[in-house]
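Engineer: Below is the sequence, then the predicted model.
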Amino acid sequence: MAQPYAKNGRWYVRYKDARGAWRDRATSARTKTEARRLQLELERKAERQRLGLEPLPSDTPEMTFGVAMDLWWSEHGRRLRSHTIRRFMEKHLRAELGPLPLSKVGERLESLLNAKVGALGPESLNHLRAAVHRVFAFLTRRGAWKGANPAFAVPRFKVPKRLPQYLRPEEVRLMLAALDARWRGLFATAVYLGLRRGEVIALRKSDVDLDERTIRVGRSRDSDTTKGGHEDLLPIPDELLPWIGRAIEGSPSDVLFPREDGQQHAPDVQVQDVLRRALARAGIVNGYTHRCRRKGCGHSERHPYAEPGRCPKCRMRLWPVAEQKPLRFHDLRHSTATLLLKAGVPLATVQRVLRHTDPKITSEVYGHLDLEDMREGLNRLRLAPAVTEPAPFAASLLLDPADPKREGPEVDGKPERLRGLQRVGATGFEPATTCTPRKLPPLSEPRVNPPESGVTPWIRASLLVSRVVS
């Protein structure tokens with residue numbers, strides 16, 4: 001093994017690189033010990049490169065992360081159903097990680113995500129981490145990256161589990177009534193069949209069989225397959241059949257729920273905004289903020305009702321603004337599963353309707369129980385005692401308030417020495433021990449055992465305990 005050597009006032013180290021060639025490198029070490037330590041680090045790094053744990057050094061310029069992002073998108077990312085991921089990566093990753101070489105991305109990734117805490121939620125931060133992981137996994141398959149995926153070293157952010165959001169049956173009816181006529185069929189189909197946004201906007205007239213009352217779900221957005229990668233045949237419920245019939249008659253093209261020009265909706269159509277506006281018109285909101293619109297006043301107050309009042313400062317009429325529920329279009333799918341399970345539909349049937357591969361997903365992710373369900377289940381417990389008043393024997397054991405010195409009543413007229421708990425010692429009810437004197441009858445009086453007949457079971461058990469202890 002080569003040793004560090006001094007030359008022209010500097011310390012040099014000699015080591016074998018990942019390809020097995022000897023290398024001499026000048027260091028900034030001041031002593032031979034420091035130079036030796038640097039030499040061991042270089043040898044360790046070369047060993048990791050030989051084992052494939054780190055990328056090999058190259059004479060050509062190293063690929064930057066920005067170039068890797070473009071390569072990943074052109075060959076893989078563009079085939080994804082959702083294109084919002086590219087805008088998300090461009091906004092949050094391009095400026096910070098784009099100019100960096102691939103070997104430096106791991107050092108910067110964790111600090112970048114930590115700097116965005118607060119501006120982005122934990123789930124969005126996990127999506128950024130997953131995006132970096134996808135890019136490096138793609139480069140590994142292409143042979144452009146030999147080391148470990150740097151996203152593995154970055155811990156995931158803990159996502160808090162929020163209360164589920166779904167609609168009750170009466171809320172579904174109010175929501176459908178508050179929608180515009182051109183949206184009602186689309187939303188009704190999504191609620192009754194639990195379809196995703198991409199699946200419901202991609203439905204065709206040819207997918208519907210009114211004679212058999214079935215509908216085929218086999219595409220999503222612009223893709224020829226769904227998220228699960230398979231086609232499914234669903235029955236059309238009786239209440240949904242009129243909506244489907246009107247949609248077929250009113251559509252000018254082969255699309256079942258088209259735009260006004262007959263074309264299919266864009267993949268990123270904001271049906272969520274349509275849903276929230278309809279819920280606000282139907283009064284399904286978290287409350288109302290009443291604001292004063294007079295310039296310079298700025299008064300606001302929150303109420304559960306929408307009837308406007310008067311500003312306490314300037315007496316101007318307040319303007320109520322609805323606080324919309326944070327409900328997504330995908331929450332309609334949760335509503336479908338929840339309402340079916342609450343109606344007593346078997347879990348296996350709900351799983352087939354939602355087209356899940358595992359019933360645990362249906363029950364744990366999509367099946368929600370509200371407070372009334374839990375209250376009904378808890379009220380089925382019958383734990384209250386059958387006797388609400390104290391028994392006569394239990395009442396006889398209570399102390400007599402008129403006689404504070406009295407230790408307890410006589411039982412069935414028996415002498416004191418025949419009671420279940422014998423008085424031992426000076427005061428109190430205590431079992432007899434070797435250190436406690438017992439009250440014995442005089443020597444002239446013969447000691448007799450209490451008769452067994454006529455003694456209640458409770459007294460007999462107490463006597464037996466006293467004998468065993470003594």
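Structural biologist: In hand now; what should we look at? Note that the coordinates shown come from a computational prediction; the quantities given were computed from them, not determined experimentally.
Engineer: Check which residues of whichever helix in the chain runs longest are buried.
Structural biologist: Criterion DSSP state H: the longest helix present in the chain is helix 122-142. Of the residues in helix 122-142, 124-126, 128-129, 131-136, 138-139 count as buried by neighbour count, 16 or more other Cβ atoms under 10 Å. The way it works is simple: take the backbone N, C-alpha and C, and place the C-beta from them, glycine included.
Engineer: do stretch 67-86 as well
Structural biologist: 68-69, 71-73, 77, 86.
Engineer: So among these, where is pLDDT lowest?
Structural biologist: In terms of pLDDT, residue 77 ranks lowest among those, with 85.
Engineer: my guess is residue 144 contacts residue 63, does it?
Structural biologist: Yes - at 6.5 Å, residue 144 counts as touching residue 63 under the criterion of Cβ atoms under 8 Å.
Engineer: Residue 128 is in contact with residue 92, isn't it?
Structural biologist: Yes - between residue 128 and residue 92 there is a contact under Cβ under 8 Å: 5.8 Å.
Engineer: who touches both of these two?
Structural biologist: 116, 120 (Cβ atoms under 8 Å, 6 or more residues apart in numbering).
Engineer: Dump the buried residues of helix 122-142 into JSON lines; add pLDDT as well.
Structural biologist: JSON lines is the format used below for the buried residues of helix 122-142 (pLDDT from 0 to 100):
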{"residue": "124", "pLDDT": "93"}
{"residue": "125", "pLDDT": "95"}
{"residue": "126", "pLDDT": "95"}
{"residue": "128", "pLDDT": "94"}
{"residue": "129", "pLDDT": "95"}
{"residue": "131", "pLDDT": "94"}
{"residue": "132", "pLDDT": "95"}
{"residue": "133", "pLDDT": "95"}
{"residue": "134", "pLDDT": "94"}
{"residue": "135", "pLDDT": "94"}
{"residue": "136", "pLDDT": "95"}
{"residue": "138", "pLDDT": "93"}
{"residue": "139", "pLDDT": "93"}
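Engineer: ok, so of the residues you listed, who is nearest residue 275?
Structural biologist: Using Cβ to Cβ, residue 124 comes nearest to residue 275 of the buried residues of helix 122-142, at 21.5 Å.
Engineer: Now do that closest one against residue 85, distance only.
Structural biologist: With the distance defined as Cβ to Cβ, to the nearest Å, residue 124 ends up 11 Å from residue 85.
Engineer: Run through the stretch 101-250 of the chain and note the low-pLDDT ranges.
Structural biologist: Applying pLDDT under 70 to the stretch 101-250 of the chain picks out no residues at all.
Engineer: Stretch 253-273: end-to-end distance?
Structural biologist: One end of stretch 253-273 sits 25 Å from the other (Cα to Cα, to the nearest Å).
Engineer: what's the answer for stretch 354-361, then?
Structural biologist: Across stretch 354-361, first to last residue, Cα to Cα, it's 10 Å.
Engineer: Contacts made by that stretch with the rest, please.
Structural biologist: 194, 217, 226, 228, 230, 232, 333, 336-337, 347-348, 351, 362, 366.
Engineer: taking the mean pLDDT, what do you get for it?
Structural biologist: On average, stretch 354-361 scores 84.
Engineer: residues of it that come out buried?
Structural biologist: Here stretch 354-361 shows 354-356 as buried, counting by 16+ other Cβ under 10 Å.
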